[in-house]
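Asks: from the sequence below, what's the structure:
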Amino acid sequence: MAGLRPPGLRLAGAALAGAAMALAQPPLGLWPALFASGPFLYLFWARAETARAAFLTGWAAGAAFFGLTLHWIVEPFLVDAARHGWMAPFALLLMAGGLALFWGAGFALAAALRRFGGGPFLLAAAWALLEFARSYILTGFPWALPAYAWMETPLLQSAALIGPYGLSLLTLGALLAPGALLEPKRRALPALLCLPALAGLWLWGAARIPEGVEADPSRPLVRILRTEIDQNEKWAPENARLFFERLLALSEGGAEPPAIVLWPEAAISFPIDMAPEAQAMIARALGPAALGLGSLRLDAGPEGRIEVGALWRNSFFLLDGQGLSAPYDKVHLVPFGEYLPFDAAMAAIGLKSLAGLGAGIVPGAAPALMQAPGLPPFAPLICYEMIFPRETARAAAGAGWLVLVTNDGWFGGWAGPRQHFEMARMRAVETGLPVARAANRGISAMIDPWGRAEEAAAGERALDARLPDSLPPPPYARTGETYTTLALLLLCILSTQGRRRRGD
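Replies: Prediction:
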């Protein structure tokens, strides 16, 4: 096909199509925007004469998509604007441009394979394969996957069958399917089949969700706190006792005593394992109820003191009648937030992690299971960890429910916290387990295994919710991402076979 002239027009059109795709992501969830953008993206890719031109087309679409979807990435740098504010625009540009490289690589891979045949589904398969790759490379960042466009539809339930990457593949195939009008019928068929596949999964998902299920009053009561502690005030030493007492006050009372109370990530500004007085105050206030809370803890430092050379861990503790549990230490840390990649080079130019704690935060070794009296065993996860399907599934093994504690105060007040919350809903569907989510400046909720959520109202308050029953592990939880990887590779290969077999 003749190239679209001038090239700048093609790139501008691709960027507009990518921006339209961003409208389908939470918090807007305007999924019809996918089908408004797809035909144009396929047209621009099909008329790119070289792999380089295809790469630039995909990159332009991705840069616009990620720039809009992840606009909240500037928020962490504005918490301490005097020190980090200058980095905010660079963070957005680098994040959007860097993640767009995966889209560009997917478009280029499809263009390189195009000579073997394959139409819209070839582009969809290569694109989905690179979306899968960005979930792993450089520790991974599977935020804003195409699958998340369906959070408010019955297609959310298909995550139990094919997970977020399989759903992303079908989504990309469906949005590119109108490009089949440019191709021979045989080569167009795989993408066109994505449309009835999505329709069938929509109907299956609608039938899967039970109607009118009320909370079983015999199930344990879980009290989940939502706090509103400003990042600029949280770590001031003079505020430590004030915020601790606010947490205690939110945890007490109620018509029925809970089995467990959950506080958010790093709920208190002092290490709970070094504060026996605070532990005693919690025990007196909560009585027989257990407390699950996030707390930083000192890992190592000169003579074990809290000082400049100290190393820290971001941890979760359970405090019950047996005392303070062994901690679960966050395994997957946030790059640039909790640690600096290439730290020696970064330190040489004066950069520090946003957490700004001593010598930094070090990761834990492995997931853990915890159990409070009267409750099934649960797997604790901290903030960023639940955006990873593979890590959530690994942690969920043997658990009856999941606990997520998070501090979404880093993410601003709108898109970031909502996107983070929606990923927890999909993890519940994938694992078949309820998720109790306690957030600071985010969405605290009890999520059932179908992804339905009982959210705490806005403001600083406690949500009392019955712990839902879990479901048997769904197919995706049993097969995991090994199956997804092989399927994506196979589909990418098969989508190129039409011309060689049939002489299209």
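
Asks: which stretches in the stretch 351-500 of the chain count as helices?
Replies: Using DSSP state H, counting those that start in this stretch, the helices of the stretch 351-500 of the chain run over 389-396, 415-431, 475-494, 498-502.

Asks: how about the helices in the stretch 51-200 of the chain?
Replies: 51-69, 75-79, 81-84, 88-113, 120-133, 159-176, 185-208.

Asks: in this protein, where is pLDDT below threshold?
Replies: Filtered on pLDDT under 70, the chain yields the residue ranges 1-5, 184-186, 300-309, 341-359, 496-504.

Asks: contacting residues around the spatially most central residue of it?
Replies: By CA atoms, centre = their mean, the chain has its centre lying nearest to I387, at 2.6 Å. When contacts are counted by CB atoms under 8 Å, 6 or more residues apart in numbering, I387 touches F141, P142, W143, H420, M423. All C-beta atoms are positioned from the backbone trio N, CA, C, and that covers glycine.

Asks: change it to 7 Å
Replies: Residues near I387 by CB atoms under 7 Å, 6 or more residues apart in numbering: P142, W143, M423.

Asks: make CSV from those and add distance to A188 to it.
Replies: Formatted as CSV, the contacts of I387 follow (distance: CB to CB, whole Å):
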residue, distance to A188
P142, 30
W143, 32
M423, 33
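
Asks: quick check, nearest of those to P373?
Replies: Nearest to P373 among these, counting by CB to CB, is M423 at 30.4 Å.

Asks: which residue sits closest to that closest one, ignoring its sequence neighbours?
Replies: Spatial nearest neighbour of M423, excluding adjacent residues (CB to CB, 6 or more residues apart in numbering): I387 at 5.0 Å.

Asks: need the winner for burial among the helices of the stretch 351-500 of the chain.
Replies: Each of the helices of the stretch 351-500 of the chain was scored by mean neighbour count; the highest is helix 415-431, a mean of 25, by mean count of other CB atoms under 10 Å.

Asks: just the CA atoms of that one, as CSV, please.
Replies: Extracted in CSV, the C-alpha atoms of helix 415-431 (Å, rounded to 0.1, in the frame of the first residue of the first chain):
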residue,chain,number,x,y,z
ALA,A,415,-7.5,8.9,38.2
GLY,A,416,-4.6,7.3,40.0
PRO,A,417,-6.4,6.0,43.0
ARG,A,418,-9.4,4.8,40.9
GLN,A,419,-7.1,2.9,38.4
HIS,A,420,-5.3,1.3,41.3
PHE,A,421,-8.6,0.2,42.9
GLU,A,422,-9.9,-1.3,39.6
MET,A,423,-6.9,-3.5,39.3
ALA,A,424,-7.7,-5.0,42.8
ARG,A,425,-11.2,-5.8,41.5
MET,A,426,-9.7,-7.7,38.6
ARG,A,427,-7.3,-9.6,40.9
ALA,A,428,-10.4,-10.7,42.9
VAL,A,429,-12.0,-12.2,39.8
GLU,A,430,-8.8,-13.8,38.6
THR,A,431,-8.1,-15.6,41.9
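
Asks: minimum distance to E214: which of the helices of the stretch 351-500 of the chain has it?
Replies: Of all the helices of the stretch 351-500 of the chain, it is helix 415-431 that lies closest to E214, at 18.4 Å by CB to CB.

Asks: doesn't G374 make contact with A259?
Replies: Yes: at 4.9 Å, A259 counts as touching G374 under the criterion of CB atoms under 7 Å.

Asks: which non-adjacent residue is nearest L201?
Replies: Excluding its sequence neighbours, the residue lying closest to L201 (CB to CB, 6+ apart) is S158, at 4.2 Å.

Asks: dump the residue contacts of the one you found.
Replies: Residues near S158 by CB under 7 Å, 6+ apart: L167, L201, G205.

Asks: how about those residues in CSV, adding distance to D448?
Replies: Shown next, in CSV, are the contacts of S158 (distance: CB to CB, whole Å):
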residue, distance to D448
L167, 19
L201, 20
G205, 15
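
Asks: so what's P154 up against?
Replies: Applying CB under 7 Å, 6+ apart to P154 gives the contacts W202, G205, A206, I209.

Asks: how much space is there between it and P474?
Replies: Taking CB to CB, to the nearest Å as the measure, P154 falls 15 Å from P474.

Asks: swap in G459?
Replies: Noted for G459: a distance of 35 Å to P474, by CB to CB.

Asks: now G253
Replies: With distances taken as CB to CB, G253 is found 38 Å from P474.

Asks: more neighbours: these two, which one.
Replies: Neighbours of G253 and P474, each counted by other CB atoms under 10 Å, are more numerous for P474; the result is 20 against 10.

Asks: what's the spatially closest residue to that one that is not a sequence neighbour in contact with, if anything?
Replies: Counting by CB to CB, 6+ apart, P474 lies nearest to A160, which is 3.7 Å off, once chain neighbours are set aside. Shown in contact with A160 (CB under 7 Å, 6+ apart): V429, E430, G432, P474, P475, Y476.

Asks: quick check, the first one in contact with Q157.
Replies: Read it as V429. Yes: under the criterion of CB under 7 Å, V429 makes contact with Q157 at 6.2 Å.

Asks: related to what we said a few turns ago, Y148: which of the helices of the stretch 51-200 of the chain is closest?
Replies: Of all the helices of the stretch 51-200 of the chain, helix 159-176 sits nearest to Y148, with 7.5 Å by CB to CB.

Asks: C-alpha coordinates for that closest one, PDB please?
Replies: The C-alpha trace of helix 159-176 is given here as PDB (Å, rounded to 0.1, in the frame of the first residue of the first chain):
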ATOM      1  CA  ALA A 159     -10.600 -12.500  33.700                       C
ATOM      2  CA  ALA A 160     -11.500 -15.700  35.600                       C
ATOM      3  CA  LEU A 161     -11.100 -17.700  32.300                       C
ATOM      4  CA  ILE A 162      -8.300 -15.900  30.300                       C
ATOM      5  CA  GLY A 163      -6.900 -13.300  32.600                       C
ATOM      6  CA  PRO A 164      -6.100  -9.700  31.700                       C
ATOM      7  CA  TYR A 165      -3.700 -10.600  28.900                       C
ATOM      8  CA  GLY A 166      -6.100 -12.900  27.100                       C
ATOM      9  CA  LEU A 167      -8.800 -10.300  27.400                       C
ATOM     10  CA  SER A 168      -6.400  -7.600  26.200                       C
ATOM     11  CA  LEU A 169      -5.700  -9.800  23.100                       C
ATOM     12  CA  LEU A 170      -9.400 -10.200  22.300                       C
ATOM     13  CA  THR A 171      -9.900  -6.400  22.900                       C
ATOM     14  CA  LEU A 172      -7.100  -5.400  20.500                       C
ATOM     15  CA  GLY A 173      -8.400  -7.900  17.900                       C
ATOM     16  CA  ALA A 174     -11.900  -6.600  18.100                       C
ATOM     17  CA  LEU A 175     -10.900  -2.900  17.900                       C
ATOM     18  CA  LEU A 176      -8.700  -3.600  14.900                       C
END
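
Asks: how far off helix 51-69 does the helix or strand harbouring A14 point, in degrees?
Replies: Assigned by DSSP states H and E, A14 belongs to helix 7-22. Relative orientation of helix 7-22 and helix 51-69, computed by axes from the mean of the first three to the mean of the last three CA atoms, to 10 degrees: 40 degrees.

Asks: tell me the helix or strand right after helix 7-22.
Replies: Trace forward from helix 7-22 with DSSP H and E and the next one is helix 32-46.
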